[in-house]
Each structure stands twice: as C-alpha cells, then as structure tokens.
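In: Starting from these lines, generate the structure:
(one chain, ligands or ions: 1)
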Amino acid sequence: MTSCPELAEVPYNIDLELAVRAVKKRKARRVVLQLPDGLKPYGWRIVKCLESALPEGVEVYLHLDSTFGACDLHYGQLEVTLKPDIIVHVGHSPYPAELAHPALEPRAASIVYVPALSKAGVSRKAVAKAAGLLMGHGVSRVGIVTTAQHVHAVKSVASALRVLGLEPLVPRGLTPYLTDSQVLGCDYRLPRSISSRVEGFLYLGGGVFHPLGLYLSTFKPVVRLDPYKDDSDDLTGEGEKLYKVRLSKVAEAMDARRWGIIVGLKTGQYRPWLIERLVKAIKGAGREYMLLANEYTSLAAIISVDTGWFDAFVVTSCPRLPTDDLWEYEKPVLTPGEAFMALSGKLEPYRFPW
Ligand code: SF4
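Out: Prediction:
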C-alpha cells in the first residue's frame, strides 16, 4: 500500500492496510467502500489503491450516498441489495451501540472501520493564540476535545499548551467506540466526565457543530484550534447565543399539545429506548403525539406533514437537525433533551442532546 503514490495527494492518512487485511481475512469477494463527503473527490485514487492490493476478482463498490458518521452505514439497504461481504467505512469510529439499538452490535462484525487522520498541522502561533484566548477567560486547567480526524494531534497540542503555562487534561476514551478526547456531535460524555476539573475547553478541529455542542454540554468557555485554517478563535459567545435561542424554543414548546416524534431510520440513528421515554413523557403530560419515520429529515419533509396539526417536533435521529438544519422552522423543533425540559415545564437544567 505504501507503493500507492496517488494517496500522497489525499489530505488524510488512510489506513488502507487495515481494510486489505480485513478483506483477505474474511475472504470477501464483494466490498462496499464508504467515504465521508470530504474524501469522495479522492474516491478514484482510493479505490484504485485498494483494488491494487486485493486478490483478483474482488469487486469494490464506492458508496455515493452520504455517510455523515458511523451512524449512517446504510446496511439495511445493502443487506437486501448488494449483500456485500464487508463494508469498509472510512473516517469514523464505531457508533456507540448504547445510544442506538441492540442490533447495531452483531452486524458490526462485517464492518471494518478505517481511520482517516488529517495531515493538516497546527503552528505554534495558532496554539499560542488559543492559549491566550483561554487565559482571557481565566482558564488554567483546560480539557482537550477533538473528532476522529485529529485524535493523533492531541498529545502534541497538550504538550504545547503545557509549555505555555496551561494544565491540559485529556479525557480517557470510551472503549471500543471513542479514543481519548474524542467526541461525536451527539456524544459529549468524555468532556462531561472531566468538566468539573477544568475551567474551559480547547476544541481541536474545524466547523462549529462540535464546539457549540461542547458548550451546550458543559457551559464552559470553548476555544477552537482549527488545523484546516491553522488559526484559533473563541466560540464561547456563539455558544451563549445558541443557548438563548434553544431556551426560547423550549419555552415556546411548553404549551404544545400535539407533538411529532421524528424517528431516524439510519442505522445508528434509530433509538427505540429514547422514543419509548419520549412517548411516556408526552402521555404523562397529557399531550398527543404522532410517530414520523424517515432517514433524513429536511425542512420540506416537515412542511409536507405540518398542515396545522403539529405544535412541536422532537428529533430523535441526529441533534444536528434541530440545532442547525431545522432551527429556523416557525414551530419549535427540539432535541430530545429539550423536549423533556418542555414537557416537564422546566427551563433548567439544560439537557443536550438526549
Ligand atoms: S451527530 Fe448526528 S451525524 Fe454525527 S454521529 Fe451523531 S447522529 Fe451521526
């Protein structure tokens, strides 16, 4: 695989050897390769590299549907159509089965999770800026949080912060799902486990979804160190603004009589345990509900059923939908944690996301 020069241009180090070993071990003849959207433009090179290392006759399908996370493996459709011997899922670690449903576990045996680690580095200048922003909040002990693409850089960032006078704390991983410091947009158990021992958090990675979720989960200052921009910024203010918006939606939903419970059909987004609890809470509060199931909930999907019947919606699939994609909808669209708050008539403590 190291003899595959095309991979040099891919901005992530992808451990394709792991995939090759798994395919050979399982004597797989049909392989489905899943890449995150950011890696799809390199699909041709990655597939060609993989094929060159596989025994002759092994078919590789590059999966073009979205794979937002390991919650999104599509194995329901794959099992009745292509029936692959193995799914090679790149860029995400296994989705925590306890957040989804029990059937997620056994099927994992025919899935191989291949890390894709970002080649983007961070300069001393960007780390120093992050340290300054944290110190501006009076932070001396700082928790480090990241996503699967940057876990390999956590140690060096921690050492750099230490040199700059901060005391970094790296939360221990959650075997077998998350490595040290790693969060998912729907799972902040790691930072919460150290929240009482730190005054703030450094988020290593790009985008705002994870760092804002981190703020909503801990209410501590959050500074982002972005390896893609090699720069740092303070997202605490944005977190505070988002919190206020979310609270106003919870308050609005307190009077909702008719609820739509959105049930996710993606492999890791179907959460029967959560649906059961929500149904119980809605019935307990003397309200009505309807179960609405789909794979991906767009604004158009909500509008198509909301002909004046629903007062509020709760999304049990992915917390990104209510806080990001659907936040502008005229009626409250809540995360499950927020729905429990509204149904109990309490604005605190804030619960995110479940
Ligand atoms: S945040 Fe959404 S997309 Fe990401 S792992 Fe969780 S359910 Fe999947």
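
In: Next, work out how far apart the closest residue to the ligand within the stretch 251-354 of the chain and Pro115 are.
Out: Nearest residue of the stretch 251-354 of the chain to the ligand, counting by Cβ to the nearest ligand atom: Cys318, 3.2 Å away. For glycine as for every other residue, the C-beta is placed from the backbone atoms N, C-alpha and C. Distance, Cys318 to Pro115, using Cβ to Cβ, to the nearest Å: 22 Å.

In: Compare those two and say which one has the larger neighbour count.
Out: Shown here are Cys318 and Pro115; by other Cβ atoms under 10 Å, Cys318 has more neighbours (26 against 18).

In: Dihedrals phi and psi, that one?
Out: Here is the backbone geometry of Cys318 (degrees, to the nearest 10): phi -130, psi 130.

In: Chain neighbours aside, what residue packs nearest to it?
Out: Nearest non-adjacent residue to Cys318, counting by Cβ to Cβ, 6 or more residues apart in numbering: Gln269, 5.7 Å away.

In: The residue of the stretch 251-354 of the chain closest to the ligand contacts Leu184, doesn't it?
Out: No: counting by Cβ atoms under 8 Å, Leu184 is not a contact partner of Cys318; they are 9.9 Å apart.

In: Near the ligand, which residues of the chain are found?
Out: 68-69, 71, 184-186, 269, 318-320 (Cβ under 6 Å from any ligand atom).

In: so where is the stretch 51-200 of the chain shaky, pLDDT-wise?
Out: Scanning the stretch 51-200 of the chain with the threshold set as pLDDT under 70 gives 106-109.

In: Strands of that one, start to end?
Out: In the stretch 51-200 of the chain, the strands defined using DSSP state E, counting those that start in this stretch lie at 59-63, 86-90, 111-114, 116-118, 141-146, 167-169, 200-204.

In: the helices in the stretch 51-200 of the chain, which residues?
Out: Secondary structure of the stretch 51-200 of the chain by DSSP state H, counting those that start in this stretch: the helices cover 75-80, 104-107, 124-136, 154-163, 189-194.

In: can you check the stretch 251-354 of the chain too?
Out: With DSSP H, counting those that start in this stretch as the criterion, the stretch 251-354 of the chain has helices spanning 272-284, 299-305, 320, 336-344.
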